[in-house]
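Q: Sequence first, then the predicted structure, then my questions.
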2 protein chains.
Amino acid sequence: MVTIKDVARAASVSIATASRAMNDSDLVTPETRDRVRDAAGKLHYTPHIGARSLITRRTHTIGILLPDLYGEFFSEIIRGIDQTAQHARFHCLVSSARHTGPPLEAALRSMRGRVDGLILMSPEFTGDLSRRTLPLGFPVVLVHCPPTDLPHDSLMIANAEGARAMVEHLAGLAHRRIAIIRGAEGNFDATERLRGYREALTACGLAADPALEVPGDFGEESGAAAARALMALPDPPTAIFAANDCMAIGALSALREGGRRVPEDVALGGFDDIPMARYMTPALTSVHVDIARLGQRATELLLDRLAHPASRHAAREVLPTTLTVRQSCGASLTTPRRDAV
Amino acid sequence: MVTIKDVARAASVSIATASRAMNDSDLVTPETRDRVRDAAGKLHYTPHIGARSLITRRTHTIGILLPDLYGEFFSEIIRGIDQTAQHARFHCLVSSARHTGPPLEAALRSMRGRVDGLILMSPEFTGDLSRRTLPLGFPVVLVHCPPTDLPHDSLMIANAEGARAMVEHLAGLAHRRIAIIRGAEGNFDATERLRGYREALTACGLAADPALEVPGDFGEESGAAAARALMALPDPPTAIFAANDCMAIGALSALREGGRRVPEDVALGGFDDIPMARYMTPALTSVHVDIARLGQRATELLLDRLAHPASRHAAREVLPTTLTVRQSCGASLTTPRRDAV
DNA sequence: TTGTAGGCGTTATCAA
DNA sequence: TTGATAACGCCTACAA
């Protein structure tokens, strides 16, 4: 391995001078600097990051821990993060820990020492977990995590507001029996979206019916199963709000197979507005989230925290969502619903 | 910061013993090992990876350099890589370098010293670039890269064979004017898919028509533009093979807007079989690639190389592709084409 | 402006 | 089985 020692020897200077030359110190003449750089180039020298971080206490790397690495959501958030990080010459250490508990703890711990800070997305994150696994004051930005009692920066999307906008939109189309396919049990996003659904019903003066709140796990198949269950009800809903687009896709298949037309017989709405949504037939009405922006903002918060460790209180930002109306909700149907008021 | 020194003191042992206890050496009694582990747990000790890698010469991290971080392809390959890496207790440093030349070189260089090996995907990669930026013998697995004269392990998908299968399938449906929307200029995948297309035409005894080879850049909009150009020809094609699914999606929109029905008026095929393909209307016939498997296999090759540095010759594997027939090619149309032989 | 030398946290070597 | 100590590559006071 070629070290700074070799570079120094090749350039006939001391190690210290070589180091200074490589780090743009102004304690070297431009002339010797160039000589050192030349030698470094010829030798294909690259500093050993580990050795450097030992003394600078900096890795110039941010850790990203996600619940899974699946689908558009993941690729978009990474894209936003990497773009911002790269701009600041930071690297990204990516990992996933599907479950809460030991695997998550292990993943968190294994990142310590490798990264200067962490972007953490875990819908089951808790303050206890943080205390158990992270050094006090370790820079962390929580994305999409339930609130904790710790002063971590946090960032989330307007889950409840988005859900509410969707359900109010459906109610505005004269639907009175609106069902929700819920997200995974214990998942913060799921809980918030359910809350928004319920609030919207109340706001629209519609009665809540427990039979219309069916469970799901954010997966396509669970959406299909939920739709089948809803169709089997004695008094089935005329509109279905799926807590994410994957489940909406599953629901759409199931509805079709059950002979129901969307949106004529049943209106359908999703959440996330994944790229696929606009290509479906009918195109899916969904709550749009700018995911890359989410990643970008998380990184900005983290980098700011790294640059100014204790300069400000913990941020607590909420990124807005927007309702994207397409065909699946039936807003563009020419004939009004039969049961319209 | 809590170091091994603190742990040693807390457990009343020497630093050496503490280190041994933490690393499962059998040179410590189970008793002292537990005592040290206890102390480490209480103090929330985590080893400093940089310091360790300074002496072990290992970072236990693999680098992943991709041309961009966009879409399903990216998320799937990372998923395959991370899963395999995590299983071997390796970490993943992810980065993207959109363009060839300086940015790519910089990205490569900045990873050196941080990773034990590299999974590199760059359709414009060259042996020269490798020599310029990587230490000789540095473990690299090339994915989807053009062949070089260097002994790097490499992995690619059966581009030409996949394209050929698609075009022969279209020819089998009695199409005689089959167009291709080409991929990005200078891109290895694009070149290979074009080659497969031409081979298939020859194999089927169809005349090649330069007018039917229209340029594209793998983006949706370029697919739309290409389709418009093809439709404007005096003798337009009856089938279009888009070199990837994104362009097929763009082509589909353009064809619709131009009043052509797919597959009745024009048959359409794509490449990659992204998840969205099966949800389109009509569902897209495409060449399926198991991308997660690609990532998995690349990681296996790299880890094997890390474990046995010079044990074998450079691998050169090709992952098979499979033709997935859906509606967009018209294979399931009941009435045969008018111009069928 | 340059060189010398000490130390960052860890593992490995040797001696006890 | 344990402990003292020398590396590993780098940066940075301090001295020249």
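A: Perfect, thanks for sending it.

Q: so how far is the helix or strand where residue A:17 lies off the chain centroid?
A: If you go by DSSP states H and E, residue A:17 is part of helix A:15-22. Relative to the centre of its chain, helix A:15-22 is centred 42 Å away, using C-alpha atoms, centre = their mean, to the nearest Å.

Q: again with stretch A:171-178
A: Centre to centre, stretch against its chain (C-alpha atoms, centre = their mean), the figure for stretch A:171-178 is 30 Å.

Q: residues from chain A in reach of DNA strand C?
A: Within reach of DNA strand C by C-beta under 7 Å from any atom of the strand, chain A has these residues: A:13-17, A:20, A:27-29, A:31-32, A:51, A:54-55. Heads up, the C-betas are built off the backbone N, CA and C, glycines and all.

Q: What degree of burial does the residue lying closest to residue A:57 once chain neighbours are set aside show, as a neighbour count?
A: Closest residue in space to residue A:57, ignoring its immediate chain neighbours: residue B:1 at 7.9 Å, by C-beta to C-beta, 6 or more residues apart in numbering or on different chains. Neighbour count for residue B:1, taken as other C-beta atoms under 10 Å in any protein chain shown: 9.

Q: Residue B:1 belongs to a helix, doesn't it?
A: No - if the criterion is DSSP: H, G, I helix; E, B strand; the rest coil, then residue B:1 is coil and not within a helix.

Q: per-residue confidence at it?
A: If you check residue B:1, the pLDDT there is 81.

Q: again with residue A:186
A: 82.

Q: What of residue A:335?
A: Predicted confidence (pLDDT) for residue A:335: 53.

Q: mind listing what the residue of the stretch 1-150 of chain A found nearest chain B touches?
A: Nearest residue of the stretch 1-150 of chain A to chain B, counting by C-beta to the nearest C-beta: residue A:50, 3.4 Å away. Applying C-beta atoms under 8 Å, 6 or more residues apart in numbering or on different chains to residue A:50 gives the contacts B:49, B:50, B:51, B:52, B:53, B:54, B:59, B:113.

Q: Now do the buried residues in the helix or strand containing it.
A: Element membership for residue A:50 (DSSP H and E) is helix A:49-56. For helix A:49-56, burial by neighbour count (16 or more other C-beta atoms under 10 Å in any protein chain shown) applies to A:49, A:50, A:51, A:52, A:53, A:54.

Q: Quick one: those residues as JSON lines, columns for pLDDT too.
A: Shown next, in JSON lines, are these (pLDDT from 0 to 100):
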{"residue": "A:49", "pLDDT": "88"}
{"residue": "A:50", "pLDDT": "89"}
{"residue": "A:51", "pLDDT": "91"}
{"residue": "A:52", "pLDDT": "91"}
{"residue": "A:53", "pLDDT": "90"}
{"residue": "A:54", "pLDDT": "90"}
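
Q: Identify the farthest-apart pair in those.
A: Farthest pair in those (C-beta to C-beta) is A:49 and A:54. Separation: 9.6 Å.

Q: Now that we have the contacts of residue A:50, can you turn them into a markdown table and tack on distance to residue B:149?
A: Listed next are those as a markdown table, based on distance: C-beta to C-beta, whole Å:
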| residue | distance to residue B:149 |
| --- | --- |
| B:49 | 35 |
| B:50 | 35 |
| B:51 | 38 |
| B:52 | 36 |
| B:53 | 31 |
| B:54 | 34 |
| B:59 | 28 |
| B:113 | 26 |
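
Q: ok, the residues you listed vs chain A, which is closest?
A: Once C-beta to the nearest C-beta is applied, the member of the contacts of residue A:50 that ends up nearest chain A is residue B:50, at 3.4 Å.

Q: show me what contacts the closest residue to residue A:73 other than its chain neighbours?
A: Distance criterion C-beta to C-beta, 6+ apart; nearest residue to residue A:73, sequence neighbours excluded, is residue A:291 at 5.8 Å. Shown in contact with residue A:291 (C-beta under 8 Å, 6+ apart): A:72, A:73, A:76, A:77, A:80.

Q: I'd like the distance between the residue nearest in space to the middle of chain A and residue A:117.
A: Geometric centre of chain A, nearest residue: residue A:77, 5.6 Å, by C-alpha atoms, centre = their mean. Distance, residue A:77 to residue A:117, using C-beta to C-beta, to the nearest Å: 16 Å.

Q: same check, this time on residue A:310
A: Look at residue A:310 and residue A:117: by C-beta to C-beta, they are 14 Å apart.

Q: and the two? which has more neighbours close in?
A: Neighbour totals were compared for residue A:310 and residue A:117, and residue A:117 leads with 22 against 8 (other C-beta under 10 Å).

Q: How confident is the prediction for the closest residue to the more buried one other than its chain neighbours, by pLDDT?
A: Leaving out its chain neighbours, the residue that sits closest to residue A:117 by C-beta to C-beta, 6+ apart is residue A:139, at 3.6 Å. pLDDT recorded at residue A:139 is 92.

Q: Am I right that residue A:139 is in contact with residue A:306?
A: Yes - with contact defined as C-beta atoms under 8 Å, residue A:139 reaches residue A:306; the gap is 5.7 Å.

Q: who has more neighbours, the two?
A: residue A:139 (20 against 16).

Q: ok, that one - contacts?
A: A:116, A:117, A:118, A:302, A:305, A:306, A:309.

Q: can we see that at 6 Å?
A: Counting by C-beta atoms under 6 Å, 6 or more residues apart in numbering or on different chains, residue A:139 makes contact with A:117, A:305, A:306.

Q: re the thing from before, next, show the common contact partners of residue A:139 and residue A:306.
A: residue A:117.

Q: rewinding a little: now flag whichever of the contacts of residue A:139 is closest to residue B:283.
A: For these, the nearest to residue B:283 is residue A:117 (43.8 Å; C-beta to C-beta).

Q: That closest one and residue A:145, how far apart?
A: Residue A:117 is 15 Å from residue A:145, by C-beta to C-beta.

Q: ok, back up a step: tell me if the helix holding residue A:17 is near chain B.
A: No - figure legend: helix A:15-22 not in contact with chain B (C-beta under 6 Å from any C-beta of the partner chain); closest approach 12.8 Å.

Q: For that helix, name the packing helices and strands.
A: For helix A:15-22, the packing partners by 3 or more C-beta pairs under 6 Å, 6 or more residues apart in numbering or on different chains; DSSP states H and E come out as helix A:4-10, helix A:30-43.

Q: doesn't residue B:112 make contact with residue A:48?
A: No - assessed by C-beta atoms under 6 Å, residue A:48 is found out of contact with residue B:112, at 9.2 Å.

Q: what is in contact with these two at once?
A: If you check residue A:48 and residue B:112 against C-beta under 6 Å, 6+ apart, no residue is contacted by both.

Q: Look up phi and psi at residue A:63.
A: phi -90, psi 140 (degrees, to the nearest 10).

Q: Could you check how far the residue lying closest to it once chain neighbours are set aside is from residue A:135?
A: Distance criterion C-beta to C-beta, 6+ apart; nearest residue to residue A:63, sequence neighbours excluded, is residue A:115 at 3.7 Å. Per C-beta to C-beta, residue A:115 is found 12 Å from residue A:135.

Q: and if you look at residue A:17?
A: Taking C-beta to C-beta, one finds residue A:17 at 36 Å from residue A:135.

Q: Cool, thanks, signing off.
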